[in-house]
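Colleague: Okay, here's the prediction I keep looking at, along with the sequence it came from:
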Amino acid sequence: MLWRNFSRILPVLALLAPCGVQAALTPHAYALVIDSGIALTMNQEYTAVVSLLKAHAAKEPSNPLFMFYLMHVYQVMMIDYETTDFKREFDSCALAAEKGFLKRAASEANNPWINYYLGNIYVTQGAYELRFANYLNFSKNILKGVKQLKKAFEKDTTLYDACIYLGLFQYAKAELFGWVTFWEDDKDVAISLIEEASKKSRYSREVAEEILIGLYGHRGEREKASAAAARVKERFPGNRAVYWLMANIYLRNKQYAAAKTEFDALAPLVNQIPATYQYNYISLDTYRAKVAFELGDYGQCLALCDTVLGRQSGDERITPFKDIVRKLKKKSAERKMQP
């Protein structure tokens, strides 16, 4: 569950990377575009942000930055909609951005942003592989990306956006080798790096908060997770990822009333997803049915079960959800019949 949550967040994090100081760019003017892109992406206004970035790409076709940001938007869309429909666009933009930055690397060897952007490309490609449990390709891309990000941070230790990725990588290593006691100290250091980025980075603060929500929840620090979620919701009330994160944290800890609040708030936001993408609709109502059952609201549970069973989709991933719902429906009907 931890990695599923992170896979939702990582590509958004990469999208919010700041612009580098390069001769071909005007940082302040570009910052306005990035700020607009942040708001549009965090609020899932994908058509608008794609149009914005494509317009700038058309004006500066030799500038790899716009392909870089477009790549991340397509990745966010695929994760949000639970689809691979935009994989061709994602791959095309990734290749164009990578080629562009590698070309610039020869003449801008001391520019940390070149390493930073390349690192983000590889990490985002790794995040895509993680969604489909392609662990070998995931590991290759992540290690390749972290190598570039470390170079960026070595060149500029105030590059706080890199702290988010490096901190998350350090946390993941500590989790993998959790049987070694002293690795817990590395988790604390990793959290501190990301917390610092949430306060000092120019463009990545909200997404650093989302990363922290997942990490706090994983560590059982639910009050910290809730506080971080509240800060993100205040600025981006329509962001589905935050509600998914908190709902799963509460559900995992059997805090069913709190989970119900998050899932119920998420429902109208999920309804904004095009109906052709049924996975989120089915998974959400399955979780809501589970919560209703645990809270003793068997009538609500039965209604949600019928909704799930009535939905049609060729996605094989929904089969386990429908199996769960059939069992919940049977149990709820039995409980409802009891005096």
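Modeller: Now that the structure is in, tell me what you want to look at.
Colleague: what about residue 319, neighbour count?
Modeller: For residue 319, the count of nearby residues is 10 (other C-beta atoms under 10 Å). For every residue, glycine as well, the C-beta is placed using N, CA and C.
Colleague: packing partners for whatever helix or strand residue 308 lives in?
Modeller: Assigned by DSSP states H and E, residue 308 belongs to helix 298-310. In terms of contacts (3 or more C-beta pairs under 8 Å, 6 or more residues apart in numbering; DSSP states H and E), helix 298-310 is packed against helix 279-294, helix 319-337.
Colleague: Need those in a markdown table (columns: distance to residue 199 and mean pLDDT).
Modeller: Supplementary listing: the helices and strands packed on helix 298-310 in a markdown table, determined by distance: least, C-beta to C-beta, whole Å; pLDDT from 0 to 100:
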| stretch | distance to residue 199 | mean pLDDT |
| --- | --- | --- |
| helix 279-294 | 32 | 98 |
| helix 319-337 | 39 | 94 |
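Colleague: nearest to residue 93, of the ones you listed?
Modeller: Nearest to residue 93, of all the helices and strands packed on helix 298-310, is helix 279-294, at 23.7 Å by C-beta to C-beta.
Colleague: can I get the helices and strands packed on helix 298-310 in a markdown table with distance to residue 198?
Modeller: Shown next, in a markdown table, are these (distance: least, C-beta to C-beta, whole Å):
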| stretch | distance to residue 198 |
| --- | --- |
| helix 279-294 | 27 |
| helix 319-337 | 34 |
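Colleague: ranking those helices by burial, who's on top?
Modeller: By mean neighbour count, with neighbours taken as mean count of other C-beta atoms under 10 Å, helix 279-294 ranks first of the helices and strands packed on helix 298-310 at a mean of 22.
Colleague: which residues sit against that one?
Modeller: 81-83, 247, 251, 254, 256, 259-260, 263-264, 266-267, 270-271, 273, 275, 298, 300-301, 304-305, 307-308, 311, 313, 315, 317-318, 321-322, 324-325, 328, 331-332 (C-beta atoms under 8 Å, 6 or more residues apart in numbering).
Colleague: hang on, residue 232 packs against residue 211?
Modeller: No: proximity of residue 232 to residue 211 does not meet the contact threshold set by C-beta atoms under 8 Å, at 10.7 Å.
Colleague: When these two are compared, which one has more neighbours?
Modeller: Legend: neighbour count by other C-beta under 10 Å for residue 232 and residue 211, higher for residue 211 (28 against 24).
Colleague: Of the helices and strands packed on helix 298-310, which is nearest residue 196?
Modeller: helix 279-294 (33.1 Å).
Colleague: now the closest one against helix 298-310, angle please.
Modeller: 160 degrees (axes from the mean of the first three to the mean of the last three C-alpha atoms, to 10 degrees).
Colleague: Send over helix 279-294 as CSV, restricted to the C-alpha atoms.
Modeller: The C-alpha trace of helix 279-294 is given here as CSV (Å, rounded to 0.1, in the frame of the first residue of the first chain):
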residue,chain,number,x,y,z
TYR,A,279,-11.4,1.2,-11.8
ASN,A,280,-11.5,4.1,-9.3
TYR,A,281,-15.3,4.0,-9.2
ILE,A,282,-15.3,0.3,-8.4
SER,A,283,-12.4,0.4,-5.9
LEU,A,284,-13.8,3.4,-4.1
ASP,A,285,-17.3,1.9,-3.6
THR,A,286,-15.8,-1.4,-2.5
TYR,A,287,-13.9,0.4,0.2
ARG,A,288,-16.9,2.4,1.2
ALA,A,289,-18.9,-0.9,1.4
LYS,A,290,-16.2,-2.4,3.6
VAL,A,291,-16.3,0.6,5.9
ALA,A,292,-20.1,0.7,6.1
PHE,A,293,-20.1,-3.0,7.0
GLU,A,294,-17.6,-2.4,9.8
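Colleague: and it, how far out from the chain's middle?
Modeller: Offset of helix 279-294 from its chain centre (C-alpha atoms, centre = their mean, to the nearest Å): 21 Å.
Colleague: Just the angle for it relative to helix 319-337, thanks.
Modeller: Using the same axes, to 10 degrees, helix 279-294 lies at 30 degrees relative to helix 319-337.
Colleague: Low-confidence stretches in the protein?
Modeller: By pLDDT under 70, the low-scoring segments of the chain are 1-29, 178-184, 339.
Colleague: Go again with 50.
Modeller: Low-confidence segments of the chain (pLDDT under 50): 1-4, 6, 13-29.
Colleague: For the nearest residue to residue 192 once chain neighbours are set aside, give me its contacts.
Modeller: Leaving aside its chain neighbours, residue 192 sits nearest to residue 167 (7.7 Å; criterion: C-beta to C-beta, 6 or more residues apart in numbering). By C-beta under 8 Å, 6+ apart, residue 167 lies in contact with 189-194, 197.
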